[in-house]
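Asks: I would like the atomic coordinates for the input below:
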Amino acid sequence: MDLVSPAHVLLVLVSSLVLACLAQEKDYTVKEEQPENVRIGNLRRDLDLNLDPAVRLSSPLQFKPVYKTGDVPLVRVEANTGEIFTTNHRIDREKLCSGVFAEKRCYYEIEVAVLPDEIFRLVKIRFLIEDVNDNAPLFQSTVINISIPENTAINTRYPVPSAFDPDVGLNGIQHYELVKSVSEFGLDIIETPEGDKWPQLIVQQNLDREQKDTFVMKIKVEDGGNPPKSSTAILQVTISDVNDNRPIFKDSELEVNIPENAPIGTSVAQLHATDADLGSNAQIHFSFSNQMSAATKRHFAIDGSSGMVTVKQPLDREVTPVHKLIVLASDGSSTPSRSTVTVNVTDVNDNVPSIDIRYIINQVNGTIVLSENAPLNNKIALITVTDKDADLYGKVACYTDHDVPFRLKPVFNDQFLLETAAPLDYETTREYAIRIVASDRGTPPLNTSAMVLIKIKDENDNAPIFPQPEIQLSIPENNDPSTQLIKISATDADSGHNAEIIYTLGPDAPDGFNIDRRTGILSVGKRLDREKQERYSFTVVARDNGSTSLQSNVTVRLIVQDLNDNSPAFTHPEYNFYVPENLPLYGTVGLITVTDADAGDNAVITLSILNGKDNFLIDPVTSVIKPNITFDREQQSSYTFMVKAVDGGQPPTTSYAKVTINVVDVNDNRPVFVIPSSNYSYDLVQTSTNPGAVVTRVFAIDNDTGMNAELHYSIISSIIITSRVSPRGLFAIDKATGNITLQEKIVAADHGLHRLVIRVKDLGQPESFHAIALIHLFVNDTVSNATYIQEQLRKSMETPLDRNVGDNEVTPQASGYVIVVIAIIAGTMTVILVIFVTALVRCRQTPRHKVVQKGKQSGEWVSPNQENRQIKKKKKKKKRSPKSLLLNFVTIDESKPDDPTHEHINGTLDLPVELEEQTMGKYNWATTPTTFKPDSPDLAKHYKSASPQPTFQIKPETPVAPKKHHVIQELPLDNTFVVGCDSLSKCSSTSSDPYSVSECSCQGGFKTAGQITTRQETALKPPHYGTLCGTARSHRIKINL
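Replies: Coordinates of the predicted model:
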C-alpha cells in the first residue's frame, strides 16, 4: 500500500489540537497489593465535571471504562459516581513492570469514556504503582565460595556476589553484614553509579594456608522496608597457594549497539584481559557473573578462552532494549576481575502496527447495532493503534478505506474515536462494514487492518399527529351518564404496526371520563356538577403500536354550563351579634354572609328582613345590618328577626336565616372607694411592726360588670409629710386585694406621717376609668401629739398631689398680692356660679319621658325591688327646687368648731369627682338586689369579672340632654367591638385643685356614683370635692359660706 502522505499526517495533527477538549489525562497514585474496594479517587470531582444546567442530557451522567478484550481489570470505576476502587485482582508491581529497571516508574493505564454524547470526553487515567516491601532480598546461591591467595595484603578487597531484591527504593537492598565473622576478614559496601550496593570482603590480617586454609562465615542482606526483610547465605573463603597477580581487563566497562534482528552467533563484543603471572597462573578463563539476570544469560554466550560474546537467542528490542553483561576473568586461583558490558538493542521496523478496538457501545454477536436515530458524534468505539518499533517506525496513521457516515477522531497519541459523522437512515443502508487501516512510517511501511460491523436498526420515528392542538367542549350540568362528547382522531405517517393508533386518557384526566381505545370516542360516565367543578382540562394521548411507541397529546378543555340548582346558602343558620347600647342610628350591627354556588344571574342574591323592618334595615350592596332605632339595653336587651335570601334564577330559590342582636352594656361607671371612708383619716404603724405585715387596706367597687368591674390597685406616689422627703419604698400594695404591707424594717428616718396616693383602675375597654384616694400612715410607737398629726393631715389635704407639702407657702411680702388675686378669682367664680345654676335649672325642665329614660342608666345590672320602685315613683312626682338641684352637685359640709368666730361652711364644685363625693360615696347597704331583668343577657358568659356584685341601690339621676347616646362607634364587619367613652361627656379640669383628674365619663348627663349627703365632722375639715359634667365645658367652683 502507498505511504501515508505528509498532508494526511498534518491533518491528523490539526485534528488532534481541535479535539483536545475531548481528551483529558488524570494521574493517581496507588500502592501495590491493596485489598479489594480500597478507594483511590473520585473521577467526577477530580475532573471538575460541573454540568451546565442549560445542556439537556439524553441519559444520566455515566463513567464507562474501556478495556481491551481479555484484560483483567485491576481497578473498578463506579458508573454513576465516578468513584475508583481496587478490585479483587491485586496489583503486583513486580509482575506488572517486570521489564522496567529500578530507576523507572511503574504505571498502569486505562481509558474511561464520560457519557452521554452531549458531554462526552475520553479520560486516560495513569496509576503510579508505589512499591511496598513485599519481597525479601535473596542471594542467588545459599553457599558463596571465594578463593583468596595466602599472600594477600592487608586491606585487600574481594567482591562478594550480591543479592537480588525485586523491590525498589528504600524497599530494595540497603545493608550487608557478616553474622558469624572472624577476625581475619571484614565486610564493606560500595555503591555503583546506578545505585546498586555491592558487598566486598576485606582482608584484615595476614593469611597462612598452612595454619588454616578455610574460613566459614554467614553473610546477611537486609532491605530498608518497615519492617525490614532479610536473608542469609554461607560465605566460605578458601586460602589458596600463592598466585601473585589477578587478571586485568583492558576495558572495565564497555558499551555496544546491536540490531534486534541480529542472527544467532553474531559477535557482540570481544573482551581482553592480561595476567602478569607465568605458566598455569597466567591462563585466563572468561565467564558470566551470577549477578546477571537469567533472561540476559539466555540471550548471550561467552567463549571462556577468547572472551568473545555472541548472540545466543534472537533479540527483541520491544521486550528488552538494554542488556547488562557482567563478565568475570579468572586465572583459576585468584579472585576474578570484573568487566561490565552494556548491550543496546537497536530498533528495526520489524513490527506490524496493531489495532485494538474497545467498544463503547455493547456488541451483539460481534456486531454493533446502531439505531437510525443515533445522533451525530455518537461514540461507537475507541480505536488504539500501536507499533512496538521506535522513532519513525513507531509512528502510526489510522483511517478508513472508503467513504462511510462514520469518522475517526484522534483523542490521544495513537488513539481514535469511531463516531457517527452523518445521519443514518435504515431505509437507505441497513449495514456497514468499516475497514480500519493502521500504517507505520517505515521503509517500506507496514500496515494492518481491522473490520467493524455496524447494523442499522429501524426505528419508529413518526409520532401520531392531531389536527389541532386543543379541543374546546361544553355541556350543561346534571347531564345523563354515558353522554358522548366528541370523536377524537389522529394520523401517523408510519406504516404497519407503527401506524396503528391507540387512544388513552392522560394521567391528568379526572374520574368519570372514558375514551374508546380504537375509535377515540370521548364520553362522560357521571353526572357533572358545575358547583363542584366548572372547568375540566386534561389530555388525550394517541400512541402508535411500534416496538418503541411514539405518542402525541391533545388538550381537551370542557366547560360545564350552569343551571339554577342551588339555593342561596347562609354561612350560619343563625347569627348572633353583640352591639353596645350607644350604637348610633344606621351604625354597623354585623355582616350577613350568604353565597350561592351557581353562577351568573343564578348567583345574584337579594336580601330582605321579614319581621324586623321597622327596627332594622339591610344594605343591599354590603349585606350589613344597620339599626333604624337607638338601643336601650334596659328597655330591650335583644332583638330577633328572620332574613330572606332570594337568587335571580328561573325559577328562583329562597333561603332563610335567623338573626339575634344582643345589646351589651358599656363601661360608664368609675370605681368608688369604700375603704377608707375619708381621706382625712390615718393609721398608726408602730416601729416594731415586722416587714410583710399588713398595716391597712383599701377597697373599691365598680357598678359595671365583667372586665369593666375588675379593679387593680397601685401606689402612684408617696411622701413623708413631716420631713418632706420621698420614702424608700417602705410600703407596697397588692394590686388585687388592696392590702398595704410593710416592705422593710422601720428605721429612725422613716418616723413621721406618710401620705400614700392610691389609684384604683378598672379594666374596661376601650377606655378604663380610675379613682384616687389618700392613705395616711403615722409611723411611731404611740400617738403622743394628736394636734400635731391633725396639723400634718391638714397640710397634706391642702397640698396638691403634684407638689410637696410646704411648696405652696408664700412669703409675707407676697401675701398681699395673693390676697388680691384670691379676691379677684372669688368674685369671678361667684358670677360664673350664678350663671351656671341658672342654666342648670332650665336644663332640668325637660320632658318627663326623657327623664325616665335617662334614669335607667344607673341601674343597668341591678333591678330594684318593688318597694324601692314605689318610692322612686313618689319622688319623681315631686318638683325639685333650685336649692335641691344645687345640692345634687354641691356637697356642703357644716362644722361647728370650738372657735365660733371661725365657723364657716365649705362647698366645692369640681369636675370630675375624684376623691370625696365620687370615691368615698355613701351607699344604702340594706338594699340588696335579688333579681335581674328576665330579658337581660347573661354577660357572665362573655366577660370575666373578679369584682363582687354590688349590694347597694344606685339611685337614678335626671339626665341633662334629650338623647342618651352622643358618641357612636361603628362595629367592624366581623362584629368585633369595643365600648368607648362618650366624648361629649369627657371633662377636663383647668383648676389647680390637686385631687381633680383630667378626664371623666358621663353617659349623656350627670351621674354620681352614690347618694350625695351632708357630712358632719368634728375634727379639722379638709376641703371636699364634687363633680359636675356638662356637654361642652367643665368648671370647678369653691364656695366659702
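Asks: what pLDDT is listed against the residue nearest the centre of the chain?
Replies: In the chain, the centroid-proximal residue (Cα atoms, centre = their mean) is P53; its distance is 23.2 Å. If you check P53, the pLDDT there is 79.
Asks: equivalent analysis for Q561, please.
Replies: On the pLDDT scale, Q561 gets 89.
Asks: swap in E94?
Replies: 84.
Asks: that one contacts D167, doesn't it?
Replies: Yes: between E94 and D167 there is a contact under Cβ atoms under 8 Å: 7.5 Å. In short, each C-beta sits where N, CA and C put it, glycine included.
Asks: please say which of those two ends up with more neighbours.
Replies: Using other Cβ atoms under 10 Å as the criterion, E94 and D167 rank with D167 on top: 23 against 17.
Asks: F513 is in contact with S523, correct?
Replies: Yes: with contact defined as Cβ under 8 Å, S523 reaches F513; the gap is 7.4 Å.
Asks: who has more neighbours, these two?
Replies: The neighbour comparison of S523 against F513 (other Cβ under 10 Å) goes to F513, with 18 against 15.
Asks: with adjacent residues omitted, what lies nearest to the more buried one?
Replies: Excluding its sequence neighbours, the residue lying closest to F513 (Cβ to Cβ, 6 or more residues apart in numbering) is V524, at 5.6 Å.
Asks: identify the bridge partners of that neighbour.
Replies: Note on V524: beta-bridge partners T483, F513, judged by DSSP bridges.
Asks: which residues does it contact?
Replies: When contacts are counted by Cβ atoms under 8 Å, 6 or more residues apart in numbering, V524 is found next to I475, N479, P481, S482, T483, L485, G512, F513, N514.
Asks: mind putting those into CSV with distance to T687 and pLDDT?
Replies: Listed next are the contacts of V524 as CSV, based on distance: Cβ to Cβ, whole Å; pLDDT from 0 to 100:
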residue, distance to T687, pLDDT
I475, 98, 92
N479, 98, 90
P481, 99, 88
S482, 103, 86
T483, 101, 90
L485, 101, 91
G512, 93, 90
F513, 96, 93
N514, 100, 94
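Asks: coming back round to it: measure the residue nearest to the centre of the chain to S537 for me?
Replies: 30 Å (Cβ to Cβ, to the nearest Å).
Asks: just to revisit the earlier point, so what sits against both of E94 and D167?
Replies: Common neighbours of E94 and D167 (Cβ under 8 Å, 6+ apart) are D134, N135.
Asks: in a strand, V841, correct?
Replies: No: assigned with DSSP: H, G, I helix; E, B strand; the rest coil, V841 falls outside any strand and is helix.
Asks: which parts of this protein are helices?
Replies: 6-18, 43-46, 93-96, 294-299, 786-798, 812-843, 848-855, 866-877, 882-887 (DSSP state H).
Asks: the residue nearest to F513 and A542, how far apart?
Replies: For V524 relative to A542 (Cβ to Cβ), the value is 20 Å.
Asks: shaky segments in the chain?
Replies: 1-22, 99-104, 241-244, 278-279, 332-334, 802-818, 844-1041 (pLDDT under 70).
Asks: just checking, R759 touches Y713?
Replies: Yes: under the criterion of Cβ under 8 Å, R759 makes contact with Y713 at 7.3 Å.
Asks: which of the two has more neighbours?
Replies: Per other Cβ under 10 Å, whichever of R759 and Y713 has more neighbours is Y713, with 22 against 18.
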